[in-house]
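Student: Sharing a sequence plus its predicted fold:
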Amino acid sequence: MTENAKSDVLLIESQYFPPIDFYKTLIEHDKLKIEKYEHYQKVSFRNRCYVAGPNGRMILSVPLTKGKNQRTVMKDVKISNEEKWQALHWKTLVSAYRRSPWFEYYEADLEGLFEQPFNFLLDWNIACFEWVNSRLSIQPAVTFTESYEKVVPGITDARDTILPGIIRADAPQYTQVFQERTGFIPGLSILDLLFCEGKQALAVIKGEK
């Protein structure tokens, strides 16, 4: 990756604790523009992430109010807080990762994030994104779109390219919690990498470890 390429702006949708491929794409750019005015799309990482369980991949899905209507603009997609989804997601993470090498290191701060109330999916995704960035010690310059444009010249448009079931050819591998039982599971949330590799997570993303 040349220095000129690294200075490009990456345009992408917001995602819920994105997969590792998201961050591998992110570190190839200096600036990030997050799409706010797209229509919500089903079957994406916008409101879901995947983690490792003893029987394989598990999904954590944020319940939405009217967000399932694909005509809803992403900035207006609301979370359905009628069910205690944050408590359920946190319980799942504790159960899956309490024996991982680094879970205890992140536990208190991450639990605090899951205790904060959010009404809009975009706000929740950004809070999760910022939490991860601080743990990876990365500080991308972040801006948001001001309208929807189908074609945006001069930048890297990665909208709807990082999707469940699509894995980068250079996706890193590392030792996962249940790997001896399930084999390595690609496409998991960045949380999986953090809990397994901790302070070495960024080096893994960069292919340096």
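Tutor: Now that the structure is in, tell me what you want to look at. Residues are numbered from 1 along each chain as shown.
Student: Point out where this protein drops to low pLDDT.
Tutor: Flagging of the chain using pLDDT under 70 yields the residue ranges 1-7, 67-70.
Student: In it, which helix is the longest?
Tutor: Taking DSSP state H as the assignment, the helix of the chain that covers the most residues is helix 121-136.
Student: what does that one contact?
Tutor: Residues from elsewhere that reach helix 121-136 (CB atoms under 8 Å, 6 or more residues apart in numbering): 14-18, 23, 34, 36, 46-47, 62, 64, 67, 74-75, 77-79, 106, 109-110, 113, 116, 118, 139-140, 190-191, 194, 201-202, 205. Where you see a C-beta, it was placed from the backbone N, CA and C, and this is true even at glycine.
Student: before we move on, what about stretch 153-171?
Tutor: Contacts to stretch 153-171, defined as CB under 8 Å, 6+ apart, come from residues 8-13, 15, 18-22, 24-25, 29, 33, 35, 38, 41, 43-45, 48, 50, 151, 186-187, 207.
Student: For it, which residues meet the burial criterion?
Tutor: Burial within stretch 153-171, assessed by neighbour count using 16 or more other CB atoms under 10 Å, is assigned to 156-159, 162, 168.
Student: Next: stretch 50-68.
Tutor: Residues 50-53, 58, 60, 62, 64, 67 are the ones in stretch 50-68 that count as buried (16+ other CB under 10 Å).
Student: want to throw the residues you listed into CSV with distance to Val94 and secondary structure?
Tutor: Compiled in CSV, those are given as follows (distance: CB to CB, whole Å; DSSP: H, G, I helix; E, B strand; the rest coil):
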residue, distance to Val94, secondary structure
Tyr50, 17, strand
Val51, 11, strand
Ala52, 13, strand
Gly53, 12, strand
Met58, 13, strand
Leu60, 12, strand
Val62, 18, coil
Leu64, 24, strand
Gly67, 27, coil
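Student: Most widely separated two among those residues?
Tutor: Within the buried residues of stretch 50-68, Ala52 and Gly67 form the most distant pair, 26.4 Å apart (CB to CB).
Student: thinking Ala201 is in contact with Phe195, fair?
Tutor: No. Applying CB atoms under 8 Å as the test, Ala201 and Phe195 come out as separate, 9.1 Å apart.
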